[in-house]
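In: Okay, sequence plus prediction incoming.
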Amino acid sequence: MYVTHTDAGFKSASFLNFFFARVRRTGAKELGNPVAIDKPHWTDDAQVLQTILRLDGDSETQQQGWNELWDQLGKDGFGWVSKCQGEWNLIHAVDTPIVYRTLSEKGKMTWAGDYEEKFDPSALLVHPATGYLYHPSPVCPLRRAPPDPFGKFSLVSSYIVVQSLAADLDIDLERSDILPNGRQCAGTISWHNVTYPMGVLRPEEDLA
């Protein structure tokens, strides 16, 4: 089990594709603030892990141990994990584990290394506190992925907003009109000469 930084320092598209396609929730009941990783983490101690996991118990006892492990990791801020060839890479997502990085004129958004997802401007949501934009999460490329493995919505990077959307983006969180989908309207976005309304994100529900 590894606690490391995963950031823009990783340049290999194939590695990023492999890593992020396998991101899953840890199952922690609640998330705490992230811990500093400039010193050994308790997961490095085999005796501590053995005590928590109770591997010498029956299947029910072991399952209780796994639940306790995820809850303890959640308290350290780790809500996501990517299992890569025997390694369990723990992830603290500052916002969402998947972030859309670029948007082409043809309406393709990139995520992970070079995976692409079709851009749907009618599905954009605005965070009521930060004004950040969110788009439905990508479809996982793995065949046996669970439903919504990355969560319902993923963050649209500031690069996309500034480079591709800002000129035709009108965020207005003071609007009171309600959209047909039941969400409060948060403004509009124009894409390829068509204007779409944007809804307000419900963080506790949409980012759960």
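Out: Received the coordinates, thanks.
In: measure residue 101 to residue 94 for me?
Out: 15 Å (CB to CB, to the nearest Å). Yep, even glycine has a C-beta here, placed from its N, CA and C like the rest.
In: More neighbours: which of those two?
Out: residue 101 (17 against 9; other CB atoms under 10 Å).
In: wait, what's in contact with the more buried one?
Out: By CB atoms under 8 Å, 6 or more residues apart in numbering, the contact list for residue 101 reads 109-111, 157, 159-160.
In: Reformat the residues you listed as TSV; add secondary structure.
Out: Output for those, formatted as TSV (DSSP: H, G, I helix; E, B strand; the rest coil):
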residue	secondary structure
109	strand
110	strand
111	strand
157	coil
159	helix
160	helix
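In: Is it possible to mark the buried ones in those residues?
Out: Among the contacts of residue 101, those buried by neighbour count (16 or more other CB atoms under 10 Å) are 109-111, 157, 160.
In: domain parsing for the chain?
Out: 2-91, 99-206 (automatic domain parsing).
In: mean pLDDT lowest for which of those?
Out: Least confidently modelled of the domains of the chain is domain 2-91, at a mean of 81 by mean pLDDT.
In: next one: that domain to chain centre, how far?
Out: Relative to its chain's centre, domain 2-91 lies at 15 Å (CA atoms, centre = their mean, to the nearest Å).
In: Which residue ranges of this structure form strands?
Out: For the chain, strands defined by DSSP state E occupy the ranges 2-3, 23-25, 80-84, 87-91, 99-100, 102-103, 108-111, 115-118, 125-126, 133-136, 153-156, 169-171, 185-191, 194-200.
In: Could you pull out the buried residues of stretch 34-47?
Out: Applying 16+ other CB under 10 Å to stretch 34-47 flags 35, 41, 43 as buried.
In: And the helices in this protein?
Out: Per DSSP state H, the chain carries helices over the ranges 13-21, 46-53, 59-75, 158-160, 203-206.
In: out of those helices, nearest to residue 146?
Out: Distance to residue 146, taken as CB to CB, is lowest for helix 13-21 among the helices of the chain, at 12.6 Å.
In: same for the closest one, what does it pack against?
Out: Under the contact criterion of 3 or more CB pairs under 8 Å, 6 or more residues apart in numbering; DSSP states H and E, helix 13-21 touches strand 80-84, strand 115-118.
In: Go through those and pick out the most buried.
Out: Highest mean neighbour count of those: strand 80-84, a mean of 18 (counted as mean count of other CB atoms under 10 Å).
In: Just name whatever secondary elements it is in contact with.
Out: Packing partners of strand 80-84 (3+ CB pairs under 8 Å, 6+ apart): helix 13-21, strand 23-25, strand 87-91.
In: Excluding its own residues, what touches that strand? List them.
Out: Strand 80-84 has contacts (CB under 8 Å, 6+ apart) with 18-20, 22-26, 88-93, 97.
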